[in-house]
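Q: Would you be able to build a 3D model of this:
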Amino acid sequence: VNAGSNSENALTIENTLPQISGTTWLVFENSYQSVEVLIDGMRVFEYGIEQKPILGQLLGNAPCRVALTSSDSQKTIMIRFTNNYSKPGIYVSTMHLGSKEALIVSTLRQNLGLIVCLGVLVAVAGILFLSSAISRLKKRNPYYTLFLYLGLFTASCAVWLLTDSSLPELFIHNVVFVCILSFYSFMLNPVFMLLFISELCHNRERGGKILCCLMLLNIIIQSVLYVCGIADFPQMLFISHLFLGITCVWLLYFLIRDLKMNHSYYAKVILAAIMVLTAAVVIEVLSFYLDYFKNSRRFFRWGLLIFIGTLVFLSWKKYMELLQENMKVQTYQNLAMTDSLTHIGSHTAYLEKLELLKQSSPSSGKILLIMMDVNFLKETNDQHGHNAGDLLLKGAARCIRQTFSDFGNCYRIGGDEFIGILEDPDCSPE
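A: Numbering: from 1, shown residues only. Down below sits the predicted model:
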């Protein structure tokens, strides 16, 4: 391999092609650079020179595939890389020569770990979205957003990992779209994470909301700058990294404070998981800058799986606790509104009914209250025991309920005292 015409922002590689049989593909990765391939001085492939994106100069991580035939054997091939950004340096990946089928198999084999990780993330995100939808539709728990935010975070991480790999080249040919999708998913990750942890720990402070708004504003501003051709996403990536760092610092501050003040179990577990994720993110960011916009995401992948696995466990734990708490509240409300012996309305239910009638009376304005008591209850208790007295009250309540069920409600307001409320506008004291 010979290198010539080199500068800080341009590089030309020259070599002689081997003997080629049939149709063969030369494949190499390209990171945000324009590429031109010439065979014996004739251009056979170009990217980012005439084939430019509609908006901006964003070229993305474009896999370059150059078709070669047997007639190209022993000819001189020249590959020119040009960096369109101010940062000096040229990225050159390993170049592969082989059949299309062999290259597809090689790509799948190289990304086997990522494929497994994506499968797990997609499955987890699907379960979380389904759980959120079921909880929302059945109104079982007001905190269905726990599953929603965690599902969005998991899905956006899966999209980011996919679009930053070589897998999309197998089924998506619009590399600029893939690259833009990668940047948006990356910028949205800390937003969803912040929303989820704030919901899990019942954080209602303004700091978290302000930070979320600032990150969303950053996405809007970067989109406008890109559309207007002022700057591309790679040039503004340090801002997204800055917001990611601020988010991690703010979450650590909040969780440590919550742990000290409230001895929160959730804060303690999330702190351990977020430390793992933060370490993985730091390694990825350093690798990104040191390796010229190129990253395998392997460190982040492992940290992410540990982090999301921990959050899924905490989400279900929190959800079940809230569900049990709501069931207890509902049970207490039912007990308060229902007489435990006769199973008709209690004195509390009677008072609430009167309050409702005061606020919204029937259209006719007629309300009939019928008060009743059970005769000889004391004598029955004295002569036959309290069990017999209870049976007498139950029988009386059953008769009253059957009588008033078609006209209104009935309540037990005392030991042997009952009252019926009739809201039928056609009723009369007779």
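Q: for the host helix or strand of residue 113, the distance to its chain's centre please.
A: Using DSSP states H and E, residue 113 sits within helix 112-138. Taking CA atoms, centre = their mean, to the nearest Å, one finds helix 112-138 lying 9 Å from the centre of the chain it belongs to.
Q: Could you measure from the residue lying farthest from the centre of the chain over to residue 369?
A: Distance from the centre of the chain peaks at residue 383, with 67.8 Å (CA atoms, centre = their mean). According to CB to CB, to the nearest Å, residue 383 stands 32 Å off from residue 369. C-beta coordinates here come from the backbone N, C-alpha and C atoms, glycine included.
Q: same check, this time on residue 109
A: 82 Å.
Q: what do you get for residue 21?
A: When CB to CB is the yardstick, residue 21 and residue 369 sit 101 Å from each other.
Q: before we move on, the earlier item: the residue farthest from the centre of the chain and residue 83, how far apart?
A: For residue 383, the distance to residue 83 equals 104 Å [CB to CB].
Q: Low-confidence regions, the stretch 201-350 of the chain specifically.
A: Within the stretch 201-350 of the chain, the ranges that satisfy pLDDT under 70 run 203-204, 288-297.
Q: check contacts around residue 64.
A: By CB atoms under 8 Å, 6 or more residues apart in numbering, the contact set of residue 64 is 27-30, 35, 37, 45, 47.
Q: for it, helix, strand, or coil?
A: strand (DSSP: H, G, I helix; E, B strand; the rest coil).
Q: Kindly report the same for residue 308.
A: helix.
Q: Next, the contact list for it, please.
A: Applying CB under 8 Å, 6+ apart to residue 308 gives the contacts 121, 124, 150, 153-154, 157.
Q: ok, of the residues you listed, which one's closest to residue 268?
A: Taking CB to CB as the measure, residue 150 is the one of the contacts of residue 308 closest to residue 268, at 18.5 Å.
Q: I figured that closest one was touching residue 315, is that so?
A: Yes. Using CB atoms under 8 Å, residue 150 is in contact with residue 315, at 5.6 Å.
Q: neighbour count winner among these two?
A: Neighbour comparison, residue 150 and residue 315: the larger count goes to residue 150, with 28 against 24 (by other CB atoms under 10 Å).
Q: Now for the spatially closest residue to that one that is not a sequence neighbour: which residues touch it?
A: Using CB to CB, 6 or more residues apart in numbering and skipping the chain neighbours, the partner closest in space to residue 150 is residue 196 (5.0 Å). With contacts defined as CB under 8 Å, 6+ apart, residue 196 is in contact with 146, 149-150, 153, 311.
Q: list the buried ones in the helix or strand encompassing residue 196?
A: Per DSSP H and E: residue 196 is located in helix 175-200. Buried residues in helix 175-200, counting neighbours by 16 or more other CB atoms under 10 Å, are found at 175-176, 178-200.
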